[in-house]
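Colleague: Sequence and predicted structure below; questions after.
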Amino acid sequence: MSGTSPSTGSGSVSIGSGSVSTASGSVGEEVLAVEGLVQHFRGRGSAWGRLRGRPPKVVKAVDGVDLVLHRGETLGLVGESGCGKSTLSRCAAGLYTPTAGVVRYARQPLHGAPDRAQRRLVQMVFQDPYSSLNPRMTVGQTLSEILTYHRLVPRAQVRARVGELIDLVGLPTRAADQLPRSFSGGQRQRIGIARALALEPQVLIADEPVSALDVSVQATIINLLLDLKETLGLSMLFVSHNMAVVRQISDRIAVMHDGVVVEEGDTSEVFEHPHDDYTRLLLASVPRIGGAPAPATAGAATERGLR
Ligand SMILES: Nc1ncnc2c1ncn2[C@@H]1O[C@H](COP(=O)(O)OP(=O)(O)OP(=O)(O)O)[C@@H](O)[C@H]1O
């Protein structure tokens with residue numbers, strides 16, 4: 001697939017009051033794949049059930065999924081809350097060891113304990129970056145720690161690299177000396193992205209990266225992700241329950257329902273000719289977006305600067 005603009009072909013879209021560049025770029029070989037992926041969790045069961053010695057229920061969060069992410073593409077993973085998207089993405093990022101199946105990075109199976117170099121290839125951007133930031137460390141300290149631990153740059157160059165990363169995600173230089181609590185939601189998401197990029201990944205897995213943000217800020221973060229994807233030649237698995245957002249940025253879409261992928265295909269194909277009843281149901285709930293981008297609101301305008 002090349003020149004993979006999403007179905008609108010418009011080059012930008014409005015999400016509320018912000019604008020989003022559409023995906024583009026050439027798409028190549030397999031960079032991340034899951035094959036026969038299964039992740040079951042043992043539920044706690046009810047107190048009554050435990051007293052009666054009943055075995056706890058098994059939650060089949062992911063129940064046999066095959067997916068391939070190609071170099072340079074954005075694959076949108078959509079589905080309702082609880083369908084298994086986050087579990088699948090955590091397995092793909094190597095954060096969970098799956099119950100069964102295989103995860104491959106650049107065609108190499110990811111074993112139980114991947115080495116540092118292999119693990120670095122795929123990084124996650126989470127919905128709530130704040131919860132995973134150390135509140136007592138400045139942004140500069142957080143990034144320096146990663147760069148030093150993984151020996152990504154010589155010690156003498158750590159500070160300069162921190163500055164580059166902060167600049168890359170559109171934060172002012174002084175952000176390096178500030179604590180996470182000084183930042184707005186959108187700015188914290190930029191820090192989360194900088195932290196992922198510090199590890200020089202080939203793949204970003206963005207799990208609901210904008211769903212906790214104001215609508216006006218969502219577009220700025222999506223634009224940033226798309227810009228970075230182009231500039232750094234990344235591939236992206238974009239996980240969201242929001243079909244409208246996913247439509248605008250994805251080259252391909254996989255629709256999940258009850259732990260399995262029920263439909264997968266090029267974005268325009270899935271939206272215009274859905275095969276699965278569940279996909280049709282999801283599409284019926286998509287709010288209408290599009291048209292000329294509305295002027296940026298105060299939220300979007302102030303989001304790039306510090307409070
Ligand atoms: N650690 C866990 N232990 C037990 N059950 C879990 C665990 N993580 C997820 N689940 C269950 O697995 C199912 C899939 O959850 P998952 O979070 O992957 O779905 P999701 O599509 O990402 O939904 P959401 O967007 O609401 O997080 C749900 O029933 C959830 O309750």
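Modeller: Thanks, I have it.
Colleague: so where do the helices sit in the protein?
Modeller: 47-51, 85-92, 116-120, 139-149, 158-168, 185-198, 215-232, 243-249, 267-272, 277-284, 298-303 (DSSP state H).
Colleague: Identify whichever of those helices lies nearest to the ligand.
Modeller: helix 85-92 (3.1 Å; Cβ to the nearest ligand atom). Glycine gets a C-beta too; all of them are placed from N, C-alpha and C.
Colleague: Summarise which helices and strands that closest one is packed against.
Modeller: Packing contacts for helix 85-92, counted by 3 or more Cβ pairs under 8 Å, 6 or more residues apart in numbering; DSSP states H and E, involve strand 30-42, strand 58-70, strand 74-78, strand 100-105, strand 122-125, strand 203-207, strand 235-240.
Colleague: quick one on the thing from earlier: with mean pLDDT as new columns, can the helices of the chain be given to me in a markdown table?
Modeller: Formatted as a markdown table, those follow (pLDDT from 0 to 100):
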| stretch | mean pLDDT |
| --- | --- |
| helix 47-51 | 74 |
| helix 85-92 | 96 |
| helix 116-120 | 80 |
| helix 139-149 | 96 |
| helix 158-168 | 97 |
| helix 185-198 | 95 |
| helix 215-232 | 93 |
| helix 243-249 | 89 |
| helix 267-272 | 95 |
| helix 277-284 | 91 |
| helix 298-303 | 39 |
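Colleague: So which of these is nearest Gln39?
Modeller: helix 85-92 (5.0 Å; Cβ to Cβ).
Colleague: how many degrees apart are that closest one and strand 203-207 in direction?
Modeller: 160 degrees (axes from the mean of the first three to the mean of the last three Cα atoms, to 10 degrees).
Colleague: one step back: which one of the helices and strands packed on helix 85-92 has the most crowded surroundings?
Modeller: Among the helices and strands packed on helix 85-92, the stretch with the highest mean neighbour count (mean count of other Cβ atoms under 10 Å) is strand 74-78, at a mean of 28.
Colleague: angle of it against helix 277-284?
Modeller: Interaxial angle, strand 74-78 versus helix 277-284 (the same axes, to 10 degrees): 100 degrees.
Colleague: For Gln218, find the nearest of the helices and strands packed on helix 85-92.
Modeller: strand 235-240 (10.3 Å).
Colleague: partner strands of that closest one, parallel or antiparallel?
Modeller: Based on DSSP bridges, the pairing partners of strand 235-240 within the sheet are strand 74-78 (parallel), strand 203-207 (parallel).
Colleague: For those strands, give me TSV that also has mean pLDDT and distance to the ligand.
Modeller: Converted to TSV, these look like this (pLDDT from 0 to 100; distance: least, Cβ to the nearest ligand atom, whole Å):
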stretch	mean pLDDT	distance to the ligand
strand 74-78	97	9
strand 203-207	96	7
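Colleague: Now those in TSV, please, with extra columns for distance to His257.
Modeller: Putting the strands paired with strand 235-240 into TSV (distance: least, Cβ to Cβ, whole Å) gives the following:
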stretch	distance to His257
strand 74-78	10
strand 203-207	18
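Colleague: if we can go back for a sec, and the helices of the chain: which comes nearest Asp207?
Modeller: It's helix 85-92; of the helices of the chain, that one is closest to Asp207 (Cβ to Cβ) at 5.0 Å.
Colleague: Show me how far that closest one is from its chain's centre.
Modeller: 10 Å (Cα atoms, centre = their mean, to the nearest Å).
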